[in-house]
Structure formats: C-alpha cells, structure tokens
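> predicted structure and sequence below. I'll ask about it afterward.
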Amino acid sequence: MTIMDERPQLLGLAYRLLGSLADAEDVVQEAFARWYAMTPGQRESIESPGAWLSTVTSRICLDMLGSARARRERYVGEWIPEPLPRDVLGGTGEDPADRVTLDESVSMAFLVVLESMTPAERVAFVLHDVFRYPFADVAAIVGRTPAACRQLASSARRRLDTTRTPAPPARRAGIVRDFKAAWEAQDIGALVGLLDPDVTTVADGGGLVSAELHPVHGAERVAAGFVAVRRKTLDLRIVERTVNGQPGLVMLDGDVAVTVLAFDITDDRITHVWAIRNPEKLRPWTTG
C-alpha cells in the first residue's frame, strides 16, 4: 500500500466536511503537499501516515468551514452542497454495515443537515459518528477537550430527524422513475400524487443561471413549477442517475448536464427536491 492509496478515504472525509467536491480535492492536494514538504526523516518518524493525513485534512477543512460560511452569506440564492456522481469517492470500508452508513452520510438530505451545524459540530460529528474516530483523536483535531467534543457531536446529532422513515432503495428508485415520467408528460396530477403535501423544492443557480432564489413549498406549487420548467425545456433529455448515493435525475443538453435533481423520500412521498443548476457544481456530470 502506498501513501496515495489514502486519497479516496481523505477525499470522502473532506467532501463530507465541506459539501463541495472541488474544495475537497483542493484540501486533499494541500494535505499531500504538506506531507511531501517534510524531509524523508520526518516522514519516516510518523507511525501512521494515513492518520497524519486525516488529521491534517480535517484541520484544513475546519479552517475552511469558517470562511465558507461567510462566502455563502454572499451567495446569490440558495446554496446546496455539490452533487456527487456515482463512485467518485471510491470505497472506504469493507464491512457492508460501514458501507451503508457511509453511503447515507453523502446523501443530499444528510449533507443539508450538516450545513446547519457549526464548523466544530460538523467536524466532531463527522469524525466520530461517520468515521468512528475516538473523541480523544477528535479533540486533538478540533482543539478542544474530549468531553467538549462529545458535547459537540451530541448537539449535532440532535439536528437529525430520527422520526422519519426512509423508503427502501428499490421503492425510492421507483418513485423517482414515476416522477420522471410524470414530469416528462407534464402531468400535474400525477406529480402531486408523488409529492408530500408539505414538499419543499430548493434550487441553486449561484447567480450564474436562472433559478428560484427562495424555496418553494407545497405539492401544487412544486408540481406546477416543474411542469412550467418542462414546457420551456422540451429539447433537453431527463435521465436517471445516482446522485449522492440515492436515485436522482439529470437534465442534459446534449452531453452537458444543466440540472441535477436530488430527492428525499419519506413514507412513499417526496419531501424535498434539490435542483442544482450552478454550472460550476456540475462539471463532473458532463458525459462527453
């Protein structure tokens, strides 16, 4: 095993901490740059290079999260985490139980909750609850006591909705497929039937393309909005894709992705739709 074999694990960690694949790649590159900036003797003295790189990556992310908050306050419209194509992060665990946990931790619904946390809460929660770091190690990264980090993770955990009942994977895929068919048919009634009455749609154009600046609530309004969009985009293809480990849709202009849709589905109804249109966040989705 070489030091570069640590890259998928580091990228997965940085993406969950930052919600941006582009920023995660920059952070991992910086962590490796710091590794190679050391002398051979310094590198040989490090007992676990993987742990060292994870610590450095986490600390860089913690620093970035503070400045990211300020940037997002100036963002035009709503900021949504960067959507992730299938298998970009690579494998990060052999145990199937770990695989499920890690897959769920990159879902758009999960990342949106992470956005509501303070930087310290987010780092403590992701390191401990997702990657299973002991609080002593988390404390060394965050710069607080283990007891304080335990409190941070607990506070972060309370932000999660543990009462919801996610639909099984096959059912989620079927609902998204039905949504695609109803959207293409411009069938408002069928769309309303798939949506929770209190469904919310959030769009992210970043000020670079047209997008609703504020969330849209309610099944009828959301359905009507999607039908209006389809009437203007009949020349674009809508295809099923895995988005952040969940069934989603991508709207293509030729080979170029112009919109990626991520869904949250509870009790057989779509409760949230996230429409990412900012072209800077869609570069990994272009198929050509």
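Received the coordinates, thanks. Numbers count the residues shown, from 1 in each chain.

> could you measure from Gly143 over to Thr163?
34 Å (Cβ to Cβ, to the nearest Å). Heads up, the C-betas are built off the backbone N, CA and C, glycines and all.

> so the two - more neighbours on which side?
Gly143 (11 against 6; other Cβ atoms under 10 Å).

> next up, phi/psi of the more buried one, please.
Here is the backbone geometry of Gly143 (degrees, to the nearest 10): phi 80, psi 30.

> that one and Met108, how far apart?
30 Å.

> Thr271 too?
12 Å.

> when the two are compared, which one has more neighbours?
Per other Cβ under 10 Å, whichever of Thr271 and Met108 has more neighbours is Met108, with 27 against 17.

> got a list of what that one touches?
Applying Cβ atoms under 8 Å, 6 or more residues apart in numbering to Met108 gives the contacts 80-81, 83, 243-244, 246, 262-264, 272, 274.

> now do the phi/psi pair for the spatially closest residue to Arg69 that is not a sequence neighbour.
Counting by Cβ to Cβ, 6 or more residues apart in numbering, Pro119 is the residue found nearest to Arg69 once chain neighbours are left out, at 7.4 Å. Geometry field for Pro119 lists phi and psi as phi -50, psi -40, criterion degrees, to the nearest 10.

> ok, Arg241 next?
Residue torsions, per degrees, to the nearest 10, at Arg241 are phi -140, psi 160.

> that one: neighbour count?
Counted with other Cβ under 10 Å, Arg241 comes out at 19.

> how near is Gln29 to Arg122?
21 Å.

> rounded mean pLDDT for the one helix or strand Leu11 maps to, please.
Applying DSSP states H and E as the criterion places Leu11 in helix 7-18. The average pLDDT within helix 7-18 is 94.

> so which elements touch the helix or strand following it?
The C-terminal neighbour of helix 7-18 among helices and strands, as given by DSSP H and E, is helix 21-37. Applying 3 or more Cβ pairs under 8 Å, 6 or more residues apart in numbering; DSSP states H and E, one finds that helix 21-37 contacts helix 7-18, helix 49-73.

> what sits up against the shortest one?
It stands for helix 7-18. Residues contacting helix 7-18 (Cβ under 8 Å, 6+ apart): 21, 23-25, 27-28, 31-32, 50, 53-54, 57-58, 60-62, 64-65, 68, 84, 88-92, 102, 105-106, 111, 114, 122-123, 126-127, 130-131.

> Asp161 - how many residues pack around it?
Here the number of neighbours of Asp161 (other Cβ under 10 Å) works out to 8.
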